[in-house]
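Colleague: Okay, structure incoming, though there's no sequence with it:
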Ligand SMILES: Nc1ncnc2c1ncn2[C@@H]1O[C@H](COP(=O)(O)OP(=O)(O)OP(=O)(O)O)[C@@H](O)[C@H]1O
Ligand SMILES: [K+]
Ligand SMILES: [Mg+2]
């Protein structure tokens, strides 16, 4: 029988219908809605904001720390020489600092509900620890150590992160993914990792613990959504330097105004100087920077992506190349044997028996599926234990991504299966040959995107022969084509790197719609591809799931591991996609770009705003001393005092007014970076220049209605 296109499709259907657990729903986008900005959330954030006023915390933001010092200073002055003006300015200075910490607290608070439900998911979880003698003992989940082995059965909550070392189970991961469709996790392959806090629905697995207490996935997620782990990104550091410089410049400007003005007999009071300084330094962006960063991470979590660093998120905004592995990333990774094709003078049963024999000890999904298919075809024979008893010398050759083969040496025979080129070389070295009809079959299976495995045997008398081919079928995740087209529009080139042969790679690349592919790649090759891209000055993202992807995931600027993947892959990556969706990079890039654009836009606004304030209030301040300046007082502000107070109030209120924008992010459209920059400079620069004139004038009019100020 010829494996036709329908064969693979049939496999796909069984996969989807017959085994709904196998379709992990890992491609759906179920973005969690961000917490709304309500009075309740603001009220809840208020005590946190007050606690953040501690100088020890404030020092991290030099701009806001300057305001804090100014507020303290004017409090002192007002205490000694109280005036309505002094007290009013002092109050608004304190509000300015508070609005800053409040914006940060609100941003942090939005993840709180999610953090609480994550914490609840592992409360009081018990573990069945496997002891050396094979018996088990109940221990609290918190007492587990690295490399402990625990047994989990249907209904159990998995006590910590780990790797399945025995068995297969369907797992409900909805606590972390929000997706209720169960997923299959199994030992041996690239879907072997389990997450603490998720629940086993069926079957029984032995899990080796891979996370230290307090450093599990859920711990990391809690810290992320609460905004607790925040390291300044390179972009933030650059901004930080800019803000500090501006603060120093305006400090000097304000200080030099004092002697200059007193020469003219108009010595300004220290409170006026403090107020002036606060108006001029970039308080708006200084106050909103933490909220912008936290909101960006939060948006990522809402898309079911966990990032270990803000840096990766920002880098994602500039990615130009996306590398993807095939099996488990572009395809579901549930590669299963669907047919056996013997060579011309080999009996079908002989091939099936050999394929089965060399898969008995192969704990990969591919290996197990061959044993299953053999049983379906009526070939059962001895299991591994029985074989061990009846035969003499017995060596298991495990599969590795560099040899691309696996098998057994038993009773002087060497039985192997593996990638066609690898097995062909193995047989040739022993003096054998790959028959033409087998070659033909290999190409046929590959051409339709299947993975052919050759089965070969070297007998005790050193006769090397290829026995036939096993057809492994996998299914491309749906919707790839359109999503890769979208990436192309964003200027990102997609390259599939796979360990599989070139013909299969070509077929899958065409089916998925990637721009390019690299076949027969070893883990080193995957790494080399990244180095090559780097050498050409490109920023590279890599998505993968296997241990063979780990070096590349670590070397990429943005490494996104599929949540279904191995612990090694997840460890090496700087992001994990809980939905195991390789096209999630589109959202990640969007979030990264939006983060950078939002920060840039608000910085532009903030600086423009401050410059405008200078021209809005300085003339008003000195009209009495220098009547000539009255011409510049185009705003016709009532008195110098009300001009200053209006500016301070405006300066504080603008922070609150921009919190929603900081949290939501500036609208991001798929335009080039230059276009986005130009557009934002126009809107936020111009807006920043005009806003103070209007805002301060309105406040000034309102204030002049209040008696006692001026
Ligand atoms: N258990 C196995 N025993 C023998 N050969 C195998 C086994 N599993 C896979 N192979 C062969 O080895 C090749 C390389 O496998 P590897 O895991 O490195 O890459 P892959 O899974 O095909 O692709 P990707 O790198 O995209 O995940 C496979 O294409 C297949 O031909
Ligand atoms: K300011
Ligand atoms: Mg893989």
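Modeller: Thanks, I have the structure now. Computed from a predicted structure; not experimentally measured. Ligands and ions are numbered 1, 2, ... in the order given.
Colleague: Could you list the contact residues of the stretch 451-600 of the chain toward ligand 1?
Modeller: Applying Cβ under 6 Å from any ligand atom, we find that the stretch 451-600 of the chain lies next to ligand 1 at 451, 453, 498-500, 546, 548. Every residue, glycine included, has its C-beta placed from N, CA and C.
Colleague: Nearest to ligand 1 among these?
Modeller: Among those, residue 499 lies closest to ligand 1 (Cβ to the nearest ligand atom), at 2.4 Å.
Colleague: For ligand 1, see how far away whichever residue of the stretch 101-250 of the chain sits closest to ligand 2 is.
Modeller: Distances from the stretch 101-250 of the chain to ligand 2, computed as Cβ to the ion, single out residue 250 as the nearest residue at 8.6 Å. Separation of residue 250 from ligand 1 (Cβ to the nearest ligand atom, to the nearest Å): 56 Å.
Colleague: quick revisit: what's the closest of the residues of the stretch 451-600 of the chain next to ligand 1 to residue 320?
Modeller: residue 498 (21.1 Å; Cβ to Cβ).
Colleague: what's near enough to touch that closest one?
Modeller: 325-327, 504-505, 508, 517-521 (Cβ atoms under 8 Å, 6 or more residues apart in numbering).
Colleague: Spit out the contact partners of the residue of the stretch 101-250 of the chain closest to ligand 2.
Modeller: 277, 280-281, 610.
Colleague: List just the nearest of these to residue 232.
Modeller: residue 281 (19.3 Å).
Colleague: Let me see the contact set for the closest one.
Modeller: 63, 66-67, 246-247, 250-251, 610.
Colleague: rewinding a little: ranking the contacts of residue 250 by neighbours, who comes first?
Modeller: In terms of neighbours by other Cβ atoms under 10 Å, these top out with residue 281 at 28 neighbours.
Colleague: Can you give me every residue that contacts the residue in the stretch 501-650 of the chain that ligand 3 sits nearest to?
Modeller: Residue of the stretch 501-650 of the chain nearest ligand 3, by Cβ to the ion: residue 546 (3.3 Å). With contact set as Cβ under 8 Å, 6+ apart, residue 546 has these partners: 190, 325, 327-328, 401, 565-566, 569.
Colleague: Serialize those residues to CSV and add fields for distance to residue 147, pLDDT and secondary structure.
Modeller: Below are the contacts of residue 546 laid out as CSV (distance: Cβ to Cβ, whole Å; pLDDT from 0 to 100; DSSP: H, G, I helix; E, B strand; the rest coil):
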residue, distance to residue 147, pLDDT, secondary structure
190, 21, 85, coil
325, 27, 90, strand
327, 28, 89, helix
328, 25, 84, helix
401, 24, 86, coil
565, 20, 86, coil
566, 16, 88, coil
569, 19, 90, helix
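Colleague: Out of those residues, which two sit at the greatest distance?
Modeller: 401 and 565 (13.8 Å).
Colleague: More neighbours: these two, which one.
Modeller: residue 565 (31 against 16).
Colleague: And the closest residue to ligand 2 within the stretch 501-650 of the chain, how far from residue 663?
Modeller: Among the residues of the stretch 501-650 of the chain, residue 610 lies closest to ligand 2, at 4.8 Å counting by Cβ to the ion. Separation of residue 610 from residue 663 (Cβ to Cβ, to the nearest Å) stands at 22 Å.
Colleague: go on, residue 517?
Modeller: Here residue 517 is placed at a distance of 40 Å from residue 663 (Cβ to Cβ).
Colleague: near ligand 3, which residues of the protein?
Modeller: 325, 327-328, 546 (Cβ under 5 Å from the ion).
Colleague: picking up where we left off before, ramachandran coordinates for the residue of the stretch 501-650 of the chain closest to ligand 3?
Modeller: phi -100, psi 160 (degrees, to the nearest 10).
Colleague: do residue 409 as well
Modeller: Dihedral angles (degrees, to the nearest 10) for residue 409: phi -110, psi 120.
Colleague: Can you tell me the closest non-neighbouring residue to it?
Modeller: Leaving aside its chain neighbours, residue 409 sits nearest to residue 395 (4.1 Å; criterion: Cβ to Cβ, 6 or more residues apart in numbering).
Colleague: next one: the host helix or strand of the one you found to chain centre, how far?
Modeller: Per DSSP states H and E: residue 395 is located in strand 394-397. Taking Cα atoms, centre = their mean, to the nearest Å, the mean C-alpha location of strand 394-397 is offset from the chain mean by 40 Å.
Colleague: So for that strand, what gets flagged as buried?
Modeller: Buried positions in strand 394-397, judged by neighbour count with 16 or more other Cβ atoms under 10 Å: residue 397.
Colleague: Now whichever strand or helix holds the residue of the stretch 501-650 of the chain closest to ligand 2: buried residues?
Modeller: Here residue 610, judged by DSSP H and E, is contained in helix 585-622. By neighbour count with 16+ other Cβ under 10 Å, helix 585-622 contains the buried residues 585-610, 612-614, 616-622.
Colleague: Over to stretch 434-441?
Modeller: Buried-residue list, stretch 434-441, by 16+ other Cβ under 10 Å: 434-435, 438-439, 441.
Colleague: Could you dump these into TSV and include distance to ligand 2, pLDDT and secondary structure?
Modeller: Output for these, formatted as TSV (distance: Cβ to the ion, whole Å; pLDDT from 0 to 100; DSSP: H, G, I helix; E, B strand; the rest coil):
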residue	distance to ligand 2	pLDDT	secondary structure
434	76	95	coil
435	80	96	coil
438	76	96	helix
439	74	96	helix
441	74	96	helix
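Colleague: From those, pick the one nearest ligand 3.
Modeller: residue 441 (23.8 Å).
Colleague: Could you check how far that closest one is from residue 432?
Modeller: From residue 441 to residue 432 the distance is 17 Å (Cβ to Cβ).
Colleague: got it, and residue 352?
Modeller: Taken as Cβ to Cβ, the span from residue 352 to residue 432 is 20 Å.
Colleague: These two: who's more crowded?
Modeller: Comparing residue 352 with residue 432 by other Cβ under 10 Å, the one with more neighbours is residue 352, at 25 against 18.
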